[in-house]
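K.L.:
Give me a model of this one.
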Amino acid sequence: MSVAGFLAHSALAAARDQSRTAITIATERDVLTELFAMRRQLGWAGSNLNQVAKALNSGGEVPYLKEVLADVHRAANAAKKAVDRVANRQEQEGEAA
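P.N.:
A predicted model of the protein is given here:
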């Protein structure tokens, strides 16, 4: 499942569950909002990486390349951890039901 599909599925599942408290819904809404923001930022980073690749393939130099790649890697890991946290919470809620 794509990240966008997962986020849409999570939002719809949360909206249909009438037994959840407002605090739980607000917390998950905040998490989903942050995940969408992270997805946009990773998209921008991917675009920047494409530009870096173009410069390198043209024989140019890219200062701070290792730092940029490390930042992108950290952001991707943070996004994965957040998605895993939401997915695990949904699995636990499903088992409890």
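K.L.:
Flag the shaky bits of the protein, pLDDT-wise.
P.N.:
Counting by pLDDT under 70, the chain has low-confidence residues at 14-27, 89-97.
K.L.:
Show me how far the helix ranked longest in the chain is from its chain's centre.
P.N.:
Once the chain is assigned using DSSP state H, the helix that runs over the most residues is helix 22-57. On the basis of CA atoms, centre = their mean, to the nearest Å, the separation between the geometric centre of helix 22-57 and that of its chain is 6 Å.
K.L.:
just stretch 57-70 next, same as before
P.N.:
Taking CA atoms, centre = their mean, one finds stretch 57-70 lying 24 Å from the centre of the chain it belongs to.
K.L.:
what sits up against that stretch?
P.N.:
Identification of contacts with stretch 57-70 by CB atoms under 8 Å, 6 or more residues apart in numbering yields 48-49, 52, 55-56. Bear in mind the C-beta positions are built from the backbone N, C-alpha and C, glycine included.
K.L.:
That stretch spans what distance, first to last residue?
P.N.:
Stretch 57-70 has its terminal residues 20 Å apart, counting by CA to CA, to the nearest Å.
K.L.:
swap in stretch 51-70?
P.N.:
When the termini of stretch 51-70 are compared using CA to CA, they are 16 Å apart.
K.L.:
Please apply the same query to stretch 55-68.
P.N.:
Using CA to CA, the span of stretch 55-68 from its first residue to its last is 14 Å.
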